[in-house]
Structure formats: structure tokens, C-alpha cells
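In: got a structure for you, letters missing:
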Ligand SMILES: Cc1cc2nc3c(=O)[nH]c(=O)nc-3n(C[C@H](O)[C@H](O)[C@H](O)COP(=O)(O)OP(=O)(O)OC[C@H]3O[C@@H](n4cnc5c(N)ncnc54)[C@H](O)[C@@H]3O)c2cc1C
């Protein structure tokens, strides 16, 4: 259950071991958090500072595997940490050397301390006042929703069945109270259907507790949802091919400004929220915080009027204590088995989806007494699908938000393109005028959240 990075990762892993797999996603693949990330395949420089070396090493290894297995969508990107204080050269210089070392044979390139002139060569638009130089290091960048759609196609090729717009409404149980299947509903027809399974995996990210409570009303919450937003500007704010990394914002977090599809992507925030929603909305204070932080590092100060798109995502962080400070929560993943036998895999990050899936399928197979079969995904390529049918776009929003990234790059332009997309889709899928009108109204309502008023 769940068609984000984690769920589709589990489907690929289990199917490529030779198990029978059905994946059900309530909305579109990637509608949840997996299309709303910062789009970095990274070890997490921040976790290095928190001293979590094993987490960083695991993620750096996964970064290397992902570059090898999906080279068409993952690339090596330079990041400059601008230096305005004397101590920043030794501090970040040494820290990033440790980052290089932890990557070992999966390294992306050696970090180096930059002079003022060199820093300006990489980032011509960096704030000059007080600038002493920078530190350059390398990490991975990708297109999250595109990779996910290619992963869906890969899962199909491995023999899995994946359905979008098929939400799980209830879990079925045997006489001993063990989960043995699901009741799901086709969102397009309203038709209910049942599927029986030896083991049911809950990979619904920030929504995980909902299904856990379906299985056991008393289940203690595992997830501390935390919202992060991004602002998108035109490419002139960060021309060239190097990102900026700010290791310490005023609220003690990291912030990135990254070139992405010809635009400049700035993020992110970390705001605890009470509940996960499918279409979260950026809060004013989050927007103001990113604008003011970006203004300290960019020579030309971005304003609200420059924002082409704003979007929010919810981190499925694993709860510790009261969940009040989510920035300090671990990004480790967890495989949890409830009394009912429901297997929940959550936490982690995009970068580590493959390892999360491996750990989850190991546990699930053991629990269900499936024949033991080794994980093969370390060497399994994720390649571009040749079959457009496997992209499974069903709505105008699917096309404009996740098959292309128009909505995430420029919301007003996406709204302008919507009627033409609706026409084409209606022709391809055999729908009429009613469908088009409904689709356009739905899309405009969603896209309004991506525009700053
Ligand atoms: C702002 C932000 C920036 C981030 N940046 C990065 C980054 O740069 N690099 C990185 O590695 N990680 C990053 N992450 C983390 C990463 O995006 C997430 O860890 C990852 O996407 C989680 O994937 P998931 O599949 O667990 O959850 P999701 O992608 O949310 O998928 C869960 C799915 O379950 C579905 N679902 C829910 N209930 C049901 C049901 N009843 N039936 C069927 N389906 C259901 C939902 O519709 C959803 O699609 C970032 C996260 C955020 C919020």
C-alpha cells in the first residue's frame, strides 16, 4: 500500500526476488511526498554534523548505487558553501573532507576550499558583501517524480501489478486477527475490490498511522509529520550549474538554492504539523523565512513577486518524544511489525528507498514464511520506459505535476497549458466535455496553492 518511493521500491524489490506483488496507490504515483522533495540524492551533510556517521555512510552508498542504476536521471552536482566568517574554511573544509572519506569508492568528487575569485566563478550571483570564499563539494541531483515513474515501469517489468487511483479502505483479517488482505476502491468507478495476501506492507509515508489504526485501533502513533516547502524562481537567480548550500540558517537548519530544469529551487523548512494531507499548503511564515534566508546569500534579493511556484511536502519522520522539534528527529528508517502482522516501513529518505525496500522485504518474507530469496536490486537498472501506457497518467494534474514538472516550475504557465493537456488526454483516453471541464476545475483548484497571492 502506497505508491511513493518507498512503496514502489518495495514492489520492485519483492517482484525482482520472484514474489507476487500488488501495489495500490490511493491517488497518483508520487502524489504524496515523493514528488515534493529537494531532489537531492545525498548522504546528508547535516546528519554528519549530528554525528550520525552510519546513516551518512549508508546514504552515500545508496547515492552511488542510484547513480549507477539510473544514470539518465541522477547527476553529479557541485555545491558551494559560501564563507563569510574566518572559521568557516577550516570547519566546513574538514567536515566535507570527512563526507568525501565516508563515501569511499562511491565518491562523487573531492571537496575543496575556494578563494573569493573561484567562488564567484561558480556562483556569480552570490552576495558579495563580506564574502571570503567558499567550500565546494559534490552530491547527487535527480527528478523525483520522473524517477518514480521509471521505477513504476521497472516494477511492471519485474512482474508486479501496480494500480494508481486505488485506495485501501480497510484491511481484512483471518480468524486469528492477522491481516490477510485489503479492501480497496477504484477512485474512477467507485467499485470496491478485495485482494488477499500472505503479507501486507504499509508504505504510506506520512499517512502510515491511518492504516495501522485500521488494523489496531489502539496502535501508538509512529509518525511525527513535518512540513517542508520550496520556492521556485527563474534561472537568472542562480545561473550556471552549481548549487548553494547554507549549512546554518537562523533556525539551525540547512538551506539549498539549486539549479533545476532551468529554474532556481530554494528550500526547505521543517515545520511540525498535526496531520498529513495530500495537498499541503505552504504557510506564510515559511515563505517569508525562505525569502529572507535566500536574500542573505544572493546578490539580487528574491521577492514574493519573483516566485513562480511554491509547494509543500510532508516528511514521514519517525516519532521520538512529543515530536515538537522535528528538525532533530532521526532520518533513519524503521520496519515495524504490528501485532496484526501488518508490516510498516517508514522514515528514511528518497536516497535510501532501495535499502528501505530490501530491509522491509527481508522482514515481510520471513514473517509470511515465503521461500527465502536474496535481494537483487543493487544491480538492477531503473531505465526509461519505452511504453507510454506504463506512465499511467489519469488526470490533467498527473501530466502537469508529475509526468512533466510544469506545475512545480511555473504554476501560472501550467494553468495556461491545462486546456491543451485536457484536450489531448480526452482524445487519448476517450473522455468527453464533462470530463475536461471537471479536470480543468480540479486542476485550477490545486494549482492555486502553488501561486503566491
Ligand atoms: C520538503 C522535503 C524535502 C525532501 N528532500 C529530500 C531530498 O532532497 N533527498 C532525499 O533523499 N529525501 C528527501 N526528502 C524525503 C523524501 O521525500 C521522503 O522520505 C520520501 O519521498 C517518502 O516516500 P514514501 O513513499 O515513504 O511516502 P510518500 O511519497 O508520501 O508515499 C506514500 C503514498 O501512500 C499513499 N497512500 C496513503 N494512504 C493510502 C491508502 N489508504 N491506500 C493507498 N495509498 C495510500 C499516498 O497517496 C502516497 O502517495 C524530503 C522530504 C521533504 C518533505
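Out: Arrived safely. Here the structure is a predicted model, which means the values were calculated and not measured.

In: now the helices for the stretch 201-350 of the chain?
Out: In the stretch 201-350 of the chain, helices defined by DSSP state H, counting those that start in this stretch lie at 208-215, 284-297, listed in chain order.

In: With mean pLDDT and distance to the ligand added, can I get those helices in a markdown table?
Out: C-beta here means a position set from N, CA and C on the backbone, and glycine is covered the same way. Shown next, in a markdown table, are those (pLDDT from 0 to 100; distance: least, C-beta to the nearest ligand atom, whole Å):
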| stretch | mean pLDDT | distance to the ligand |
| --- | --- | --- |
| helix 208-215 | 95 | 6 |
| helix 284-297 | 97 | 10 |
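
In: Include mean neighbour count when you put those into TSV, please.
Out: TSV is the format used below for the helices of the stretch 201-350 of the chain (neighbours: other C-beta atoms under 10 Å):
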stretch	mean neighbour count
helix 208-215	21
helix 284-297	17
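
In: Just send those helices back as a markdown table, with distance to residue 179 too.
Out: Below are those laid out as a markdown table (distance: least, C-beta to C-beta, whole Å):
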| stretch | distance to residue 179 |
| --- | --- |
| helix 208-215 | 6 |
| helix 284-297 | 38 |
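
In: how about the residues of the stretch 51-200 of the chain that lie near the ligand?
Out: Of all the residues in the stretch 51-200 of the chain, those in contact range of the ligand (C-beta under 6 Å from any ligand atom) are 167, 168.

In: any weak-confidence spans in this protein?
Out: When the per-residue scores of the chain are filtered using pLDDT under 70, the ranges that remain are 320-331.

In: swap the cut-off to 50 and go again
Out: Along the chain, the parts satisfying pLDDT under 50 run over 322-324.

In: and of the helices of the stretch 201-350 of the chain, who's closest to residue 425?
Out: When the helices of the stretch 201-350 of the chain are compared for distance to residue 425 using C-beta to C-beta, the nearest one is helix 208-215, at 30.4 Å.

In: what does the closest one contact?
Out: Defining contact as C-beta atoms under 8 Å, 6 or more residues apart in numbering, one finds that helix 208-215 is touched by 1, 168, 170-171, 173, 179, 202, 204, 219, 221-223, 316, 338, 340, 342, 344, 346.

In: Buried subset of these as a PyMOL selection?
Out: In PyMOL, the members of the contacts of helix 208-215 classed as buried (16 or more other C-beta atoms under 10 Å) are selected with the following command:
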select buried, resi 1+168+171+179+202+204+219+222+223+316+338+340+342+344+346
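
In: one step back: closest to residue 70 out of the helices of the stretch 201-350 of the chain?
Out: Distance to residue 70, taken as C-beta to C-beta, is lowest for helix 208-215 among these, at 25.7 Å.

In: sorry, back to before: quick one: which of the helices of the stretch 201-350 of the chain is nearest residue 188?
Out: Between residue 188 and those, the tightest spacing by C-beta to C-beta is seen for helix 208-215, at 21.6 Å.

In: Thank you kindly, that will do.
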